[in-house]
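Participant: The following comprises the amino acid sequence and a computationally predicted model.
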Amino acid sequence: NPVNSTVPIAAEVLKKHGVYNPKKLVGVTTLDVCRANTFVANSQGWDPKDVDVTVIGGHAGITILPLFSRVDGAKFSDEELEAITVRTQFGGDEVVAAKA
């Protein structure tokens, strides 16, 4: 994904110009966080704005690692955890398939 490469480039350009603020540069992982938050909220009956799933790794398939075990108060069955993990990792594929 070309965006994976442009985020660090943008950070360096902003640093060079003395205006870099890490709280204002949003990378592609933010999309994965939004997906994970939505899936957890749906499974737990919560409002997505009250959920904050940490997602680490890349932005492609199995390189996306949502840390659902760090979500306070969430309880998942093994099957549910597997399902929301796969949906978080491959949510982009769902969007592409829906557009086809």
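Facilitator: Looks like it came in fine. Numbering: from 1, shown residues only.
Participant: for the record, mean pLDDT for the helix ranked longest in the chain?
Facilitator: The longest helix of the chain (DSSP state H) is helix 78-99. For helix 78-99, mean pLDDT rounds to 91.
Participant: separation between the residue lying farthest from the centre of the chain and residue 24?
Facilitator: Farthest-out residue of the chain from its mean C-alpha position, per C-alpha atoms, centre = their mean: residue 17, at 28.6 Å. Distance of residue 17 to residue 24, computed by C-beta to C-beta, to the nearest Å: 13 Å. (Each C-beta comes from the backbone N, C-alpha and C, glycine too.)
Participant: repeat for residue 39
Facilitator: 26 Å.
Participant: So if I had to pick from these two, which one is more boxed in?
Facilitator: residue 39 (23 against 8; other C-beta atoms under 10 Å).
Participant: Now do that one against residue 59, distance only.
Facilitator: Taking C-beta to C-beta, one finds residue 39 at 17 Å from residue 59.
Participant: cool, and residue 42?
Facilitator: In terms of C-beta to C-beta, residue 42 sits 22 Å off from residue 59.
Participant: Who has more neighbours out of the two?
Facilitator: residue 59 (19 against 13).
Participant: burial count for the spatially closest residue to that one that is not a sequence neighbour?
Facilitator: Of all residues not flanking residue 59 in the chain, residue 28 sits nearest, at 4.3 Å (C-beta to C-beta, 6 or more residues apart in numbering). By other C-beta under 10 Å, 16 other residues sit near residue 28.
Participant: and what of residue 55?
Facilitator: 21.
Participant: from what I can see it touches residue 32, true?
Facilitator: Yes. Counting by C-beta atoms under 8 Å, residue 55 does reach residue 32; the two are 4.6 Å apart.
Participant: Find residues that contact each of those two.
Facilitator: Common contact partners of residue 55 and residue 32 (C-beta atoms under 8 Å, 6 or more residues apart in numbering): 64, 66, 88.
Participant: Report the residue spans of the chain with pLDDT below the cut-off.
Facilitator: The model of the chain has pLDDT under 70 over residues 1-4.
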